[in-house]
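# how does the following fold in three dimensions:
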Amino acid sequence: MLLARDASVPIPDGLSWWRSTPAGAAWLTRLPQLVADCARDWQLTVRAPFAPGSVSWVAPAELPDGTRAVLKVNFPDAESEHEAAALEWWGGEGAVRLLAHDAERRALLVERCEPGGSLSTVADEQAANRIAAGVLRRLLGRPAPPQAPFRSLRDEAARWAQELPARWARHGRPFPRRLLDEAVELCDQLGSSQPASVVCHQDLHGGNVLSTGAGWVAIDPKPLIGEPAFDLASLLRDRLPALLRSSEPGRTVRRRVELLADELALDRTRVRGWGIVHALAWGMSDTTLHADMVACAELIAAV
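Purely as a prediction, here's the structure:
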């Protein structure tokens with residue numbers, strides 16, 4: 001058992017990459033105190049963090065009354081800024097339930113999903129996609145609140161339209177110009193013509209859908225206000241290593257577009273378009289190129 005009041009809070013190996021930036025290294029240095037402060041204020045018993053870790057510090061915890069929870073401490077970036085607000089908005093409908101949060105520490109306490117297996121372990125991909133569509137149906141089932149802190153997809157698409165050409169050039173033009181031009185055009189066209197506004201999860205894939213005794217719920221949103229068709233983008237490139245190794249990846253992507261759009265009664269053209277845009281927007285940062293994401297954008301573009 002790890003008591004978070006103990007100064008020796010372990011940092012999972014998967015978080016070590018944060019040391020490559022000054023801000024990330026400073027955050028890792030503060031992490032033990034952040035965890036200890038959360039444990040003190042919420043009266044938690046905090047156990048060893050989940051390993052190997054990837055972006056956030058996450059660990060099982062118990063409240064004084066025995067309630068089993070999960071403590072999550074995020075790096076203070078734009079993506080994690082409104083995670084708690086999204087979970088609060090959904091109120092446990094399709095997403096893990098928020099128990100408490102501390103905006104200054106960028107910390108959340110959420111219910112523990114048990115048994116907690118991820119949707120990515122469901123062998124039948126089509127069955128998994130239908131489950132994911134059911135989760136999205138619950139998340140996207142009502143209009144976005146009139147007053148909300150979330151960024152808008154319209155603004156994000158406008159930003160991507162400006163940034164994608166510069167990133168493409170910076171990385172040595174790593175894919176055909178026609179794909180870049182289509183993505184920029186889609187940003188302008190789709191961003192300005194959205195038929196509805198909901199609170200989108202933005203990162204809903206098999207690893208971010210967990211099992212509970214009552215079904216399946218989403219975790220780790222990077223919320224935006226936008227149209228429902230956008231929120232299928234991450235699912236189109238789910239199980240990416242296996243997808244790219246398969247004998248017919250294009251056929252698999254086409255099947256995903258058709259199944260997911262039909263399950264949620266969405267326009268397949270808009271689902272395809274947002275899939276291209278998001279794969280490139282997340283596949284190329286100013287400093288990093290994810291070749292597998294770019295390859296998936298090309299597969300979606302061929303649908």
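
# all contacts plus neighbour counts: C-alpha atoms, from now on.
Fine.

# mind checking how far residue 250 is from residue 261?
Remark: distance between residue 250 and residue 261 (CA to CA, to the nearest Å) = 17 Å.

# where does pLDDT dip in the chain?
For the chain, the stretches flagged by pLDDT under 70 are 1-7.

# in it, where's the longest helix?
Longest helix of the chain, by residue count under DSSP state H: helix 22-42.

# would you mind listing the buried residues in that helix?
24-25, 27-28, 31-39 (16 or more other CA atoms under 10 Å).

# now do stretch 96-111
Judged by neighbour count using 16+ other CA under 10 Å, the buried positions of stretch 96-111 are 96, 97, 98, 99, 101, 105, 106, 107, 108, 109, 110, 111.

# ditto for stretch 130-150
Neighbour-count burial for stretch 130-150, counted by 16+ other CA under 10 Å, picks out 130, 131, 132, 133, 134, 135, 136, 137, 139, 140, 144, 150.

# could you check how far the closest residue to residue 85 other than its chain neighbours is from residue 241?
Leaving aside its chain neighbours, residue 85 sits nearest to residue 149 (7.8 Å; criterion: CA to CA, 6 or more residues apart in numbering). Noted for residue 149: a distance of 34 Å to residue 241, by CA to CA.

# and what of residue 172?
On the measure of CA to CA, residue 172 and residue 241 end up 24 Å apart.

# for the two, work out which one has more neighbours and name it.
residue 241 (11 against 8; other CA atoms under 10 Å).

# so which elements touch whichever strand or helix holds that one?
Assessed by DSSP states H and E, residue 241 sits inside helix 240-245. Identification of packing neighbours for helix 240-245 by 3 or more CA pairs under 8 Å, 6 or more residues apart in numbering; DSSP states H and E yields helix 291-301.

# list of residues touching the helix it packs on?
Helix 291-301 is contacted by residues 175, 179, 236-237, 240-241, 244, 249-250, 253-254, 272-273, 275-277, 279-280, 282-284 when judged by CA atoms under 8 Å, 6 or more residues apart in numbering.

# so which of those residues belong to helices?
Judged by DSSP H, helices contain the following of the contacts of helix 291-301: 179, 236, 240-241, 244, 249-250, 253-254, 272-273, 275-277, 279-280, 282-283.

# leaving out sequence neighbours, find the closest residue to residue 61.
residue 46 (4.3 Å).

# also residue 219?
Computed as CA to CA, 6+ apart, the closest residue to residue 219 that is not its neighbour in sequence is residue 208, at 5.2 Å.

# got phi/psi on that neighbour?
Backbone torsions for residue 208, taken as degrees, to the nearest 10, come to phi -110, psi 20.

# now do it against residue 198, distance only.
In terms of CA to CA, residue 208 sits 19 Å off from residue 198.

# what about the strands in the stretch 1-150 of the chain?
Shown for the stretch 1-150 of the chain, the strands assigned by DSSP state E, counting those that start in this stretch span residues 45-46, 57-62, 68-73, 98-102, 107-111, 115-118.

# so which elements touch the last one?
With contacts defined as 3+ CA pairs under 8 Å, 6+ apart, the packing partners of strand 115-118 are strand 209-212.

# which helix or strand lies directly C-terminal to the strand it packs on?
Next element after strand 209-212 (DSSP H and E): strand 215-218.

# now the one residue sitting closest to the centre of the chain, what's its secondary structure?
Taking CA atoms, centre = their mean, the centroid of the chain lies closest to residue 203, which sits 2.5 Å from it. With DSSP: H, G, I helix; E, B strand; the rest coil as the basis, residue 203 sits in coil.

# next, the contact list for it, please.
Applying CA under 8 Å, 6+ apart, we find residue 203 in contact with 220, 221, 222, 231, 234.

# my read: residue 99 touches residue 110, true?
Yes: Residue 99 lies in contact with residue 110 (CA atoms under 8 Å); the separation is 5.1 Å.

# can you tell me how far the residue nearest to the centre of the chain is from residue 224?
Residue 203 sits 10 Å away from residue 224, taking CA to CA as the criterion.

# one more: residue 31?
Counting by CA to CA, the gap from residue 31 to residue 224 is 27 Å.

# could I get the strands of the stretch 1-150 of the chain in TSV, plus columns for distance to residue 85?
Output for those, formatted as TSV (distance: least, CA to CA, whole Å):
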stretch	distance to residue 85
strand 45-46	23
strand 57-62	18
strand 68-73	14
strand 98-102	9
strand 107-111	10
strand 115-118	22
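
# now for the buried residues of stretch 96-111, which pair is the farthest apart?
Distance extremes for the buried residues of stretch 96-111: the farthest pair is 96 and 105 at 19.9 Å, using CA to CA.

# now the buried residues of stretch 130-150 in TSV, with distance to residue 300?
TSV is the format used below for the buried residues of stretch 130-150 (distance: CA to CA, whole Å):
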residue	distance to residue 300
130	19
131	21
132	19
133	18
134	22
135	23
136	20
137	22
139	24
140	23
144	28
150	27
